[in-house]
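Visitor: Here is my input, please return the structure:
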Amino acid sequence: MIKIDHVLEAVSSHYEVYRDLFIEEHRMGNYKKLTDNPYYDEIKTIIDAMNILRKYLGWETINLKEEVKFYL
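Guide: All right, here's what the predicted structure looks like:
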């Protein structure tokens, strides 16, 4: 039986790739809103899925706006 934290780990690897793509595009682009970034839909979907699992595990959720501020 797969534990939920293993599922989260699997999704996290995809999150890291799309987060890096999102941040890099945001650095190069001239976007007024996060939603203008072409990777927004992908990263938002992954974050939403991860946050369901993180809530189930009692962990802090991820906020895209905070992530962008941290990595920029």
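
Visitor: Now do the contacts for residue 57.
Guide: Residues in contact with residue 57 (Cβ atoms under 8 Å, 6 or more residues apart in numbering) are 4, 5, 8. (Each C-beta comes from the backbone N, C-alpha and C, glycine too.)

Visitor: pretty sure the last one contacts residue 54?
Guide: Spelled out, it's residue 8. Yes. With contacts counted by Cβ atoms under 8 Å, residue 8 reaches residue 54, the gap being 6.9 Å.

Visitor: Of the contacts of residue 57, select the buried ones using a ChimeraX command.
Guide: In ChimeraX, a selection of the buried entries from these looks like this (16 or more other Cβ atoms under 10 Å):
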select :8
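
Visitor: which one of the contacts of residue 57 is nearest residue 41?
Guide: Proximity of the contacts of residue 57 to residue 41 (Cβ to Cβ) peaks at residue 8, which lies at 20.7 Å.

Visitor: Just list the residues touching the closest one, thanks.
Guide: 50, 53, 54, 57.

Visitor: just the strands in this structure please.
Guide: Counting by DSSP state E, one finds no strands in the chain.

Visitor: and residue 53, how many neighbours?
Guide: If you count neighbours by other Cβ atoms under 10 Å, residue 53 ends up with 17.

Visitor: And the pLDDT for residue 46?
Guide: Confidence at residue 46, expressed as pLDDT, is 96.

Visitor: Go through this protein and flag its longest helix.
Guide: The helix that spans the most residues within the chain, counting by DSSP state H, is helix 4-28.

Visitor: which ones are touching the most centrally placed residue in the chain?
Guide: Closest to where the C-alpha atoms of the chain average out (Cα atoms, centre = their mean) is residue 47, at 4.2 Å. Contact partners of residue 47, counting by Cβ under 8 Å, 6+ apart, are 15, 62, 64.

Visitor: Now with 10 Å, please.
Guide: Residues counted as contacts of residue 47 (Cβ atoms under 10 Å, 6 or more residues apart in numbering) are 11, 15, 18, 19, 54, 61, 62, 63, 64, 67.

Visitor: Looking at the residues you listed, which is nearest residue 34?
Guide: Closest to residue 34, out of all of the contacts of residue 47 and judged by Cβ to Cβ, is residue 64, at 6.1 Å.
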